[in-house]
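> Need a 3D model of the following:
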Amino acid sequence: MSEPNLTEDRPARYRAVVLQALTRLSGGDTDSATLHRARTHLRRLQAYLELVGEDRNADRVARCVMRLSKLRTLQVFERYLSKLDAPRSDRKAVKRRLRATREKLERSHTYAAIERIVRRHALSPTPANPEWLADRMRAARHAHADALQQVTVKVGTKPRRKTLHRLRLLIKSIRYQEEWALDRPDAMPALVRRLNHAQAVLGEYEDRVQFRKLARALDLRSSAIIKKHWRKARTRARALPAHLVSYLGTAAGPRIRLVGSRHDSVHVAG
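This is a model prediction of the structure:
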């Protein structure tokens, strides 16, 4: 029996989800779930394009995600302040900034511009030979292992925010590419869950960094508690790299095998 095709029709389905979300955003949808859906599926398309060697198109899609980052941060910040039961003046200030950001995106026709890029550049032809993509996945896994090892060796005991941000983006890329292997015999769902957890720890820190900046820029009364949460998130994020390799998998010789081929013995630390 032949192995399942890694691609199936997922790139086309992810592309359709993005286009649908962009249409809703262009029509005035302010639901944070719609924006989240657009950004997440753009990232999945980016990961697929990287996997098949479409680096230029992957970069185009990555820039699309970045164009929506400020809006996403403000939406998450608004929810955070609500849970924090922040003063009404703080929440109103963020709501005003959120409204201004939406209006700026609408004036610049950002959603329509992203839609054009997605239609033109975000769907690579499915490889005729499924084994070609399987080979690409194996090569990507070794490259990911080397990249993670290099980053974790260099970070030190108090890694800088920029270093942790690069590590988060690397983990995110690995996670999305590993999702493409979940229907294969060498799938590692436990690894995907661990990558997701590591991404969440680093993502929380990055959010707190942005929240702290916004609190200072808007002179929010909640600044002190936001700074406290930022420090806690920073402590967790800084502790992550030292244990990341053992958390994700065990060393196999001089390199870290996050996921091996069918003939490799693979273990994920419990």
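
> From now on I want contacts and neighbour counts done on CA atoms only, so please keep to that.
OK.

> The strand or helix carrying residue 246 packs against which elements?
Counting by DSSP states H and E, the secondary-structure element that holds residue 246 is helix 223-248. Other helices and strands packing on helix 223-248, by 3 or more CA pairs under 8 Å, 6 or more residues apart in numbering; DSSP states H and E, are helix 130-154, helix 189-217.

> quick one: that helix to helix 189-217, angle?
Using axes from the mean of the first three to the mean of the last three CA atoms, to 10 degrees, the direction of helix 223-248 lies 160 degrees away from that of helix 189-217.

> what inclination does helix 223-248 have with respect to helix 130-154?
Using the same axes, to 10 degrees, helix 223-248 lies at 120 degrees relative to helix 130-154.

> buried stuff in helix 223-248?
223, 226-227, 229-230, 233-234, 237-238, 240-241, 244-245, 247-248 (16 or more other CA atoms under 10 Å).

> Which residue, other than its chain neighbours, is closest to residue 201?
Distance criterion CA to CA, 6 or more residues apart in numbering; nearest residue to residue 201, sequence neighbours excluded, is residue 237 at 5.9 Å.

> Touching, that neighbour and residue 165? I think so.
No - with contact defined as CA atoms under 8 Å, residue 237 does not count as touching residue 165 (9.9 Å).

> quick check, residue 91 in a strand?
No - judged by DSSP: H, G, I helix; E, B strand; the rest coil, residue 91 forms no part of a strand; its state is helix.

> Give me the distance between the spatially closest residue to residue 207 that is not a sequence neighbour and residue 210.
Counting by CA to CA, 6+ apart, residue 73 is the residue found nearest to residue 207 once chain neighbours are left out, at 7.1 Å. With distances defined as CA to CA, to the nearest Å, the gap from residue 73 to residue 210 amounts to 7 Å.

> Look at residue 182 and give its secondary structure.
coil.

> Enumerate every residue touching it.
Under the criterion of CA atoms under 8 Å, 6 or more residues apart in numbering, the contact list for residue 182 reads 188-189.

> Show the model's pLDDT score for it.
Here, the pLDDT recorded for residue 182 equals 82.

> Find residues that contact each of residue 237 and residue 165.
Counting by CA under 8 Å, 6+ apart, the residues touching both residue 237 and residue 165 are residue 202.

> one step back: mean confidence score for the helix holding residue 246?
The average pLDDT within helix 223-248 is 91.

> tell me how far that helix is from the chain's mean position?
In this view, helix 223-248 has its centroid 17 Å away from the chain centroid, taken as CA atoms, centre = their mean, to the nearest Å.

> Also stretch 56-71?
11 Å.

> Please apply the same query to stretch 36-53.
Once both centres are worked out by CA atoms, centre = their mean, stretch 36-53 turns out to sit 9 Å from its chain's centre.

> Let me see the mean pLDDT of that stretch.
The predicted confidence, averaged over stretch 36-53, sits at 92.

> What residues of that stretch count as buried?
Buried residues in stretch 36-53, defined by neighbour count with 16+ other CA under 10 Å: 37-52.

> before we move on, what about stretch 99-119?
Neighbour-count burial for stretch 99-119, with 16+ other CA under 10 Å as criterion, is recorded at 101-102, 105-106, 110-112, 114-115, 118.

> what's the closest of those to residue 26?
Nearest to residue 26 out of these is residue 111 (CA to CA; 6.0 Å).

> who's in contact with the residue nearest to residue 201?
Applying CA under 8 Å, 6+ apart, we find residue 237 in contact with 164, 201-202, 205.

> and with 10 Å instead?
The contact partners of residue 237, by CA atoms under 10 Å, 6 or more residues apart in numbering, come to 158-159, 161, 164-165, 168, 198-206, 231.

> Where does the prediction get shaky in the protein?
Under the criterion pLDDT under 70, the flagged ranges of the chain are 1-8, 124-128, 130, 249-270.

> Pick out the residue nearest the middle of it.
When CA atoms, centre = their mean is applied to the chain, the residue found nearest the centroid is residue 172 (4.3 Å).
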